[in-house]
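1. My questions are about this predicted structure, shown below with the sequence.
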Number of protein chains: 2
Amino acid sequence: MYTCNRKVSYTLEFMRRDVFQAIADPTRREIIGLIAHRSLNLNAVADNFDISRPAVSKHIKILTQCGLLVIKKQGRDRYCEADFKKLNEVSNWVEQYRSFWTQKLDALGDFLDKETNTDNNI
Amino acid sequence: MYTCNRKVSYTLEFMRRDVFQAIADPTRREIIGLIAHRSLNLNAVADNFDISRPAVSKHIKILTQCGLLVIKKQGRDRYCEADFKKLNEVSNWVEQYRSFWTQKLDALGDFLDKETNTDNNI
DNA sequence: TATACATGAAACCTTTTGGTTACACAAATT
DNA sequence: AATTTGTGTAACCAAAAGGTTTCATGTATA
């Protein structure tokens, strides 16, 4: 029932970050907003924040590990490109409850409908 | 530009939790799922998890502080009721990027012919 | 009234998070 | 060739997160 995602610490870089945890941080959400339309190299991203460049680098690493960000090497630059497919997981989770905060009357019916085909396993 | 949400610690209980941070924890998402269709008292919620009752109580407090959960006192019981209006904030943020992960699937086919096959680890 | 129950809250602990500085190194530029 | 630039990474730190046990307190109930 309850699967813990935090004690996993593989040796490799693919430690399968949770996308919910990734977007929990406001800085990371802002990074996603920055690179949504155009990819930026790491320094360009860092210029938008008051924190240090390595701190931004860590955030980018987390976004990469959960699949929200892809790094394209180009010379000595690392261009950060957003990949929003993983956001579908968040959308699915949130939207299953949409009826609960929009139409109260149909709430129970909609819930029962959607409950049959939820696949939110990470 | 970057506003830190973590250093806020008011004296009162209304420390305005971030809903993104609230749903980052899998236990809290599960709690929301549990009380979505019927309200449960605290012990009933705690019965669904392996962690202690005070631990669940803390999660419920966080959900309350961000507005995702409302507690209705009834005798000695505290019934937990979900309030999904705050999820709109998450939905808005995610859905602004929906076109990026839906239309991109179509455009992907075009680009894949020309560009080098980048590994899309899913 | 005495006891069981539901919950809140404090004190404490360990791990994670988010930040820093310092240094290494390859790629560009001079 | 020497230097500047972009980035990775290690070592470190404070605070937050998530958990525990223990105790207090208000409600029900035998």
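-> Structure received.
2. Report the contact partners of residue A:97.
-> A:111, B:32, B:36, B:82, B:84, B:87 (Cβ atoms under 8 Å, 6 or more residues apart in numbering or on different chains). Where C-beta positions appear, they are placed from N, C-alpha and C, glycine not excepted.
3. ok, residue A:29 to residue A:35 distance?
-> Distance, residue A:29 to residue A:35, by Cβ to Cβ, to the nearest Å: 12 Å.
4. close to chain B, is the longest helix along chain A?
-> Ranked by number of residues, the top helix in chain A under DSSP state H is helix A:53-65. No: residues of helix A:53-65 contacting chain B under Cβ under 8 Å from any Cβ of the partner chain: none, with a closest distance of 10.0 Å.
5. Show the contacting residues for the most centrally placed residue in chain A.
-> For chain A, residue A:19 is the residue whose C-alpha lies nearest the centre (Cα atoms, centre = their mean; 3.9 Å). Applying Cβ under 8 Å, 6+ apart, we find residue A:19 in contact with A:66-68, A:86-87, A:89-90.
6. Would you mind trimming the residues you listed to those in range of chain B?
-> With Cβ under 8 Å from any Cβ as the criterion, the contacts of residue A:19 include A:67, A:87, A:90 near chain B.
7. about what we covered before: which of the contacts of residue A:97 are buried? Put it as a PyMOL command.
-> Buried residues within these, by 16 or more other Cβ atoms under 10 Å in any protein chain shown, are selected in PyMOL with:
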select buried, (chain A and resi 111) or (chain B and resi 32+36+82+84+87)
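8. Show me the contacts of residue A:97 that map onto strands.
-> Mapping these onto strands (DSSP state E) picks out residue B:82.
9. Please produce CSV containing the contacts of residue A:97, extended by distance to DNA strand D and pLDDT.
-> Listed next are those as CSV, based on distance: Cβ to the nearest atom of the strand, whole Å; pLDDT from 0 to 100:
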residue, distance to DNA strand D, pLDDT
A:111, 25, 51
B:32, 14, 98
B:36, 20, 96
B:82, 18, 97
B:84, 20, 95
B:87, 18, 96
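10. Looking at the contacts of residue A:97, which is nearest DNA strand C?
-> Proximity of these to DNA strand C (Cβ to the nearest atom of the strand) peaks at residue B:82, which lies at 15.3 Å.
11. what's across from the closest one in the sheet?
-> Beta-bridge pairing of residue B:82 under DSSP bridges involves residue B:69.
12. picking up where we left off before, of the contacts of residue A:19 - the most surrounded one?
-> residue A:68 (26 neighbours; other Cβ atoms under 10 Å in any protein chain shown).
13. Contacts only, for it.
-> A:19, A:22-23, A:32, A:82-84, A:86-87.
14. filter those down to the ones near DNA strand C?
-> For DNA strand C, no contacts are drawn from these by Cβ under 7 Å from any atom of the strand.
15. Serialize those residues to TSV and add fields for distance to residue A:98.
-> Below are these laid out as TSV (distance: Cβ to Cβ, whole Å):
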residue	distance to residue A:98
A:19	19
A:22	22
A:23	18
A:32	22
A:82	24
A:83	24
A:84	19
A:86	20
A:87	16
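16. which one of those residues is nearest chain B?
-> residue A:84 (3.7 Å; Cβ to the nearest Cβ).
17. Point out the residues in chain A that sit beside DNA strand D.
-> A:41-44, A:53-54, A:57-58, A:60-61, A:71, A:76-79.
18. For the closest residue to residue A:64 other than its chain neighbours, give me its contacts.
-> Once flanking residues are discounted, residue A:64 sits nearest to residue A:71: 6.1 Å by Cβ to Cβ, 6 or more residues apart in numbering or on different chains. For residue A:71, the contacting residues are A:60, A:64, A:78-81, by Cβ under 8 Å, 6+ apart.
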